[in-house]
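S.K.: could you work out the structure for the sequence below:
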Amino acid sequence: MSFINVLISAVQPEVVQWRRHIHENPYLAYEEQPTADYVASVLTTMPAPLEIRRLTPNSVIADLRGGAGEGPIYALRADMDALPLQEESGEPFSSKRPGVMHACGHDAHTAMLLGAVKVLCQVKDKIRGTVRFIFQHAEEVIPSGAKQLVQLGVLEGVKMIFGLSVDVTKPSGTVFCKSGVMMGACNDFDIVIKGAGGHASQPELCTDPIVIAAEVVMGLQTIVSRRIGALKAPVLSVTTFHGGTGSYNVIPDTAHLRGTLRCLDRDVQALVPCLMEEIVAGIAKAHGAQHEISWLEPNIVTYNDPAAYEIVRNVAQRVIDGVSFVDLSTAMMGVADFAEYGSVVPGCLFWLGVGDSSRSSTSNHNYSSRYCMSETAMEGGVKMHVGLVAALSMSDGTFAG
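M.R.: Residues are numbered from 1 along each chain as shown. The predicted model follows:
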C-alpha cells in the first residue's frame, strides 16, 4: 500500500465523524452559515497552513499552496446545503432539526473533501501549484450558490475544476461519468389563466379558467411530441394545477399552473419557451381569457470538458485500487449547478455510487426521507479527490511513495 493510501485510510474515521456531525445539523440553502463555520473550524486544524476565505457567510474557500514549485490552480468543489424533508432513515445520527435533512449526500460531499484536504496537506511538498477547495452553499435552489461564487471570483486563476456527487442507487465504489453533456438544463415556469368566475350551474356565463388550463396542460405536451425532433426532445412537466378555494359550486376567476422544462440541448432550451408562449396565448385567446407566463432564473446544461473527463476516467480506472468506472451512454435530465463553473473554466462532474445493500432499493434513493448511504464508500470519494490532484499536480502522477 502506498504512503498516500495509508493516509487516506487513516483519515476515514474523521471523514465519518465530520459527515455525521453535518448530517445531524442540516441547514437549507442560504442558511448554511453554521455548516460553513464548522467547516472553517475543521480547516484550521489541518496539518498544513491554508489560505481560508469566506466569499459569503455560508461558504468557505481554502487554498493549499504546494511546495514543489509554481504551477496551475486546480479546484475541487463540495456542496453543503440540505433539503426540506423530515428524516425517517432511523439512523442514530439522524437530523436534529425538524423538517430539514441531508438526503442528497451533501454532508458526505463536504466530509470527503475535508478528508482530501487533510491528506493533501500531509503531502503538500509533492504538489506543484495550488489546490483550491470550494465548500459551496445553495446547490439546491435558484439562484444557486455556484453562480454567486463565480460572480465573486472564486475561479480566478483556476485552470480546471472537478466536482463529486453521490448516488445511493448505484453500487458502492463505482464512479459514473460522461464526456460532453452530463446533465440537463432547467427552466421552471408559472402560468396564470385569467378567466371570469361565476356559479358552477351557469358555466355559459363564465370564462372557466379550469377548462382552459386543462387544455393548456395537454397542449404543452405537443411541443415534446410534435414540435421538437425526437433525438432532442425535452421533458416538459406540469407539476401543480391550482384553481378555486375548495368550493363545490363556484367557478374561479383564475387557475395557476406550475412546472419545469428540462433540456439537454441549448438551442432547444431557447426555443421551447417561445413555443409555450404561442400555445398558451392561442388557447387563452380562443376562449376569451388572458394569460401570464413567468420564468425563474434558468439552470444551464452541465458540460463535462473532454480533457477533464479523461483525467477522471484515468484516475478511476488506472490509479485507484477498489474503484471501478462506468462510462455513461446518455446524459441525465437532472440539474446540477456545477454547470456554472464549467461555463467559465474546463471542468468535470462525476458520480460516486454509495449504495447500501442492506436497505430497500425502492425506498432508499436521493431525495428520500429514508435516504441512507454506505459510509465505507466515502473512502472512494477521498481517493478520487486526492487522485485527481496527484494526476495533475504531483511529479509522478500516482499514489506511489
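S.K.: now for the protein, the helix or strand with the poorest mean pLDDT.
M.R.: strand 324-327 (a mean of 95; mean pLDDT, DSSP states H and E).
S.K.: could I have that strand exported to CSV, CA atoms only?
M.R.: Output of strand 324-327 as CSV, limited to C-alpha atoms (Å, rounded to 0.1, in the frame of the first residue of the first chain):
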residue,chain,number,x,y,z
SER,A,324,-14.5,0.9,-10.9
PHE,A,325,-15.6,3.2,-13.7
VAL,A,326,-18.7,3.3,-15.8
ASP,A,327,-18.9,5.5,-18.9
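S.K.: that strand: which residues count as buried?
M.R.: Neighbour counts using 16 or more other C-beta atoms under 10 Å place F325, V326 of strand 324-327 among the buried residues. C-beta here means a position set from N, CA and C on the backbone, and glycine is covered the same way.
S.K.: what is that strand packed up against?
M.R.: The helices and strands touching strand 324-327, judged by 3 or more C-beta pairs under 8 Å, 6 or more residues apart in numbering; DSSP states H and E, are strand 174-177.
S.K.: residues contacting the strand it packs on, please?
M.R.: 167, 170, 304, 309, 312-313, 316, 323-328, 348-353, 380, 384 (C-beta atoms under 8 Å, 6 or more residues apart in numbering).
S.K.: for the spatially most central residue of the chain, what are its contacts?
M.R.: When C-alpha atoms, centre = their mean is applied to the chain, the residue found nearest the centroid is A336 (3.7 Å). Contacts for A336 (C-beta under 8 Å, 6+ apart) come out as E139, G163, S165, M182, M183, N299, T302, L349.
S.K.: isn't P209 right up against H242?
M.R.: No. Applying C-beta atoms under 8 Å as the test, P209 and H242 come out as separate, 10.5 Å apart.
S.K.: the more surrounded of the two?
M.R.: Neighbours per residue (other C-beta atoms under 10 Å) separate P209 from H242, with P209 holding more: 28 against 13.
S.K.: mind listing what the more buried one touches?
M.R.: Contact partners of P209, counting by C-beta under 8 Å, 6+ apart, are I193, K194, G195, G197, G243, I251, P252, D253, T254, A255, A289.
S.K.: look up the closest residue to the fifth one, ignoring the ones flanking it.
M.R.: When the adjacent residues along the chain are set aside, G243 lies closest to A255, with 3.6 Å between them (C-beta to C-beta, 6 or more residues apart in numbering).
S.K.: near that neighbour, how many other residues are there?
M.R.: 24.
S.K.: point out where this protein drops to low pLDDT.
M.R.: Across the chain, residues meeting the criterion (pLDDT under 70) sit at 1, 359-362, 396-401.
S.K.: could you list the domains of it?
M.R.: 3-182+303-393, 185-295 (automatic domain parsing).
S.K.: what's the most buried one of the ones you listed?
M.R.: Using mean count of other C-beta atoms under 10 Å, the stretch among the domains of the chain with the largest mean neighbour count is domain 3-182+303-393, at a mean of 20.
S.K.: what segments of the stretch 201-350 of the chain are strands?
M.R.: Ranges of strands within the stretch 201-350 of the chain are 235-243, 250-251, 254-263, 290-295, 302-304, 324-327, 347-353, based on DSSP state E, counting those that start in this stretch.
S.K.: OK, contacts around C186?
M.R.: Contacts of C186 (C-beta under 8 Å, 6+ apart): I142, T260, L261, R262, P298, N299, V335.
S.K.: export the helix or strand encompassing it to PDB, keeping only CA atoms.
M.R.: Per DSSP states H and E: C186 is located in strand 185-194. C-alpha atoms of strand 185-194 as PDB (Å, rounded to 0.1, in the frame of the first residue of the first chain):
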ATOM      1  CA  ALA A 185     -30.800  22.400 -18.200                       C
ATOM      2  CA  CYS A 186     -33.800  23.600 -16.200                       C
ATOM      3  CA  ASN A 187     -36.400  26.300 -16.700                       C
ATOM      4  CA  ASP A 188     -39.100  26.500 -14.100                       C
ATOM      5  CA  PHE A 189     -42.300  28.300 -15.000                       C
ATOM      6  CA  ASP A 190     -45.600  29.600 -13.700                       C
ATOM      7  CA  ILE A 191     -48.700  30.100 -15.900                       C
ATOM      8  CA  VAL A 192     -51.800  32.000 -14.800                       C
ATOM      9  CA  ILE A 193     -55.000  31.700 -16.800                       C
ATOM     10  CA  LYS A 194     -57.300  34.700 -16.100                       C
END
